[in-house]
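1. give the three-dimensional model of this entry:
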Amino acid sequence: MLSVKGRGVAQLRKVKKRKKEETIAAALDIGASKVACFIARITQEPGFAPQTEIIGVGCHGAPLKPRSAPDDIETGVRNAVEAAERMAGEHIKRVLVSVPGKHLRARLIGVDMEIAGGIVTQEDIDDSLAEGAKIATPRDCTPLHAMPTGFRVDGEDGFIDPVGFSGAMLSTQMFAVGAKQSFLDNMADLVERSDLAVEEFVAAPFAAAEAVLLEDEKDLGVVLIDIGSAATGYAVYDNGALVACGGVPVGGGHITRDIAQIFGAPLAHAERVKTLYGGALTGAGDEHRFVDFPQLGQAGETARASRADVCEVILPRLEEIFELVAEQLPDDPMQRSGLRRVVMTGGGSLLVGAREVAERTLAMKGRLGRPAAIPGSPEVAGAPGFSVCAGLIQHYANLDRENENGLGVLRQSLQAGNQSSVLGGVEAWLRAKF
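-> Numbering: from 1, shown residues only. Predicted coordinates:
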């Protein structure tokens, strides 16, 4: 954990309180198998928690190939946004955009500051957070979130809000999440091509956690695993705070490719077989339940395999995903021993037996995570594959409340109009992402 000493005077940029009681927010999740867009109406009344209503949902589900052109991404974004706008009856100009876990860089930061007046004030906390924000992420990265995980006063820990306590030294523990500026530039350029601007970049695993995790799970210790198509994101919470966040470059799409390669079938058919018949568990009689695979380049010819054969292909790749996530969990034995629960979300979590494999691999109790119901959202929006979009909306709705208590998220909003629009950079981004 990094540590810095000093007394900074810079203040974290505050999120301005919205003067209007009603705000329209839009969220965009650009994945390898689909692009999803949510539009929400957020109503804020003084003294009350914000009320959120989903008024538009759009999804473009055409899978993107490894060398897809920027035009393909633009088409997906436009189709998803236009569908959401038609449903909402609203035209949007700005969107919150998710950043996949495998492109995130995160670390813990410690900040020690003298308490000038002998009693901790809100200004002391603001100064310590601002000082930590200066070193929140590596030099080549732009911070997305910087969140306090705990405070100590003269070495005594356990403080959630130390304002008003006496002491000589305030120690602040922070967890910072960032991403490379070049990657964010390319993302902003892709969004800008669709006549939109980026309101804020948000870490996808953090957004998914906002949508599916219970507060008690965050307090007791939990690992969230979001299985996407091209990659898998993860977020770790302990004592109510985010303590690890990132991703691994393996996802559900790799399972599809395994099936296609081993059985010689087209990718589209392999995806269909995985969805309808695939799983990580076999049952009685599965060796006698057969699936036909049309053969690539051999019109009219098919190959037959049992469901048990298909499961034998899926299981090793699914185990690999969870093993890779396990390697990224905190190294501290005490902290790691406190993680007893895993929650899976994302489209890949729907595979039969995924929960059982996760429990066995991680030695944790598991469950499937679906987005918490938001008024107005259609039933399909409650599927695990839409957790990130739902979490983006919830994150936006909570921004004012988070900053009112002085312990909020540091926002580093990047305006798409201020980013360089370089086609070559977009192509490089596509190669890295897909």
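2. list the residues that contact Ala354.
-> Ile227, Ala280, Leu318, Met344, Gly348, Leu368 (CB atoms under 8 Å, 6 or more residues apart in numbering). Placement of C-beta: from N, CA and C, glycine included.
3. now do Gly221
-> Counted by CB under 8 Å, 6+ apart, Gly221 has contacts Tyr237, Asp238, Asn239, Gly338, Leu339, Arg340, Arg341.
4. which one of those residues has the most neighbours?
-> Tyr237 (26 neighbours; other CB atoms under 10 Å).
5. following the strand or helix carrying that residue, which helix or strand comes up?
-> Per DSSP states H and E: Tyr237 is located in strand 232-238. Where DSSP H and E defines the elements, the next helix or strand beyond strand 232-238 is strand 241-248.
6. that next one pairs with which strands?
-> Sheet pairing here is set by DSSP bridges, and for strand 241-248 it gives strand 232-238 (antiparallel).
7. which residues are in contact with the strand it pairs with?
-> 100-102, 203-206, 208-209, 213, 217-218, 221-226, 242-248, 250-251, 321, 324-325, 328-330, 335, 338-339, 346, 348.
8. so which of the residues you listed belong to helices?
-> Ala204, Pro205, Phe206, Ala208, Ala209, Glu217, Lys218, Ile321, Leu324, Val325, Gln328, Gln335 (DSSP state H).
9. neighbours around the fourth one, how many?
-> Using other CB under 10 Å as the criterion, Ala208 is surrounded by 33 other residues.
10. now swap in Pro316 and tell me
-> Neighbour number of Pro316 under other CB under 10 Å is 11.
11. ok so, going back, which ones among the contacts of Ala354 are found in strands?
-> Ile227, Met344, Leu368 (DSSP state E).
12. tell me the one of those nearest Glu114?
-> Nearest to Glu114 among the ones in strands among the contacts of Ala354, counting by CB to CB, is Met344 at 44.8 Å.
13. now do the contacts for that closest one.
-> Leu224, Ile225, Asp226, Ile227, Ala354, Arg355, Ala358, Gly366, Arg367, Leu368, Gly369, Pro384 are the contacts of Met344 under CB under 8 Å, 6+ apart.
14. wait, doesn't the second one sit right on Val343?
-> Pointing back at Ile225 there. Yes - counting by CB atoms under 8 Å, Ile225 does reach Val343; the two are 7.3 Å apart.
15. keeping just the C-alphas, turn the strand holding Tyr237 into CSV.
-> Below are the C-alpha coordinates for strand 232-238, written out as CSV (Å, rounded to 0.1, in the frame of the first residue of the first chain):
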residue,chain,number,x,y,z
THR,A,232,-14.4,-11.4,-16.8
GLY,A,233,-14.5,-8.5,-14.3
TYR,A,234,-14.3,-8.8,-10.5
ALA,A,235,-14.8,-6.6,-7.5
VAL,A,236,-13.9,-7.5,-3.9
TYR,A,237,-15.7,-5.9,-0.9
ASP,A,238,-14.7,-6.2,2.8
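16. and the helix or strand hosting Arg360, C-alpha only, in PDB?
-> Using DSSP H and E, Arg360 falls within helix 354-362. What follows is helix 354-362, C-alpha atoms only, in PDB (Å, rounded to 0.1, in the frame of the first residue of the first chain):
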ATOM      1  CA  ALA A 354     -21.400 -22.200 -13.000                       C
ATOM      2  CA  ARG A 355     -22.300 -21.600  -9.300                       C
ATOM      3  CA  GLU A 356     -21.200 -25.000  -8.300                       C
ATOM      4  CA  VAL A 357     -17.900 -24.700 -10.100                       C
ATOM      5  CA  ALA A 358     -17.300 -21.300  -8.600                       C
ATOM      6  CA  GLU A 359     -18.000 -22.600  -5.100                       C
ATOM      7  CA  ARG A 360     -15.600 -25.500  -5.600                       C
ATOM      8  CA  THR A 361     -12.800 -23.500  -7.200                       C
ATOM      9  CA  LEU A 362     -12.900 -20.600  -4.800                       C
END
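17. would you mark the buried spots in it?
-> Ala354, Arg355, Val357, Ala358, Glu359, Thr361, Leu362 (16 or more other CB atoms under 10 Å).
18. same check, this time on stretch 123-139
-> Result for stretch 123-139 [16+ other CB under 10 Å]: buried residues 124-133, 135-137.
19. only alpha carbons, please: show that stretch as PDB.
-> Extracted in PDB, the C-alpha atoms of stretch 123-139 (Å, rounded to 0.1, in the frame of the first residue of the first chain):
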ATOM      1  CA  GLU A 123     -11.800  19.900   6.100                       C
ATOM      2  CA  ASP A 124      -9.200  17.500   7.400                       C
ATOM      3  CA  ILE A 125     -10.900  14.600   5.700                       C
ATOM      4  CA  ASP A 126     -11.300  16.600   2.400                       C
ATOM      5  CA  ASP A 127      -7.600  17.500   2.500                       C
ATOM      6  CA  SER A 128      -6.500  13.900   3.100                       C
ATOM      7  CA  LEU A 129      -8.700  12.700   0.300                       C
ATOM      8  CA  ALA A 130      -7.300  15.400  -2.000                       C
ATOM      9  CA  GLU A 131      -3.700  14.500  -1.100                       C
ATOM     10  CA  GLY A 132      -4.400  10.800  -1.800                       C
ATOM     11  CA  ALA A 133      -6.000  11.700  -5.200                       C
ATOM     12  CA  LYS A 134      -2.700  13.100  -6.400                       C
ATOM     13  CA  ILE A 135      -1.200   9.600  -6.300                       C
ATOM     14  CA  ALA A 136      -4.400   7.700  -6.900                       C
ATOM     15  CA  THR A 137      -3.200   5.800  -9.900                       C
ATOM     16  CA  PRO A 138       0.000   5.200 -11.900                       C
ATOM     17  CA  ARG A 139       1.400   8.100 -14.000                       C
END
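20. please state the offset of that stretch from the chain centre?
-> 23 Å (CA atoms, centre = their mean, to the nearest Å).
21. show me where the stretch 1-150 of the chain has its helices.
-> 70-88, 122-134 (DSSP state H, counting those that start in this stretch).
22. touching, Glu85 and Ile39? I think so.
-> Yes - applying CB under 8 Å, one finds Glu85 in contact with Ile39, separated by 7.0 Å.
23. what about the two, which has more around it?
-> Per other CB under 10 Å, whichever of Glu85 and Ile39 has more neighbours is Ile39, with 26 against 18.
24. is it true that that one touches Ala80?
-> No - the criterion here is CB under 8 Å, and Ile39 misses it with Ala80 at 10.6 Å.
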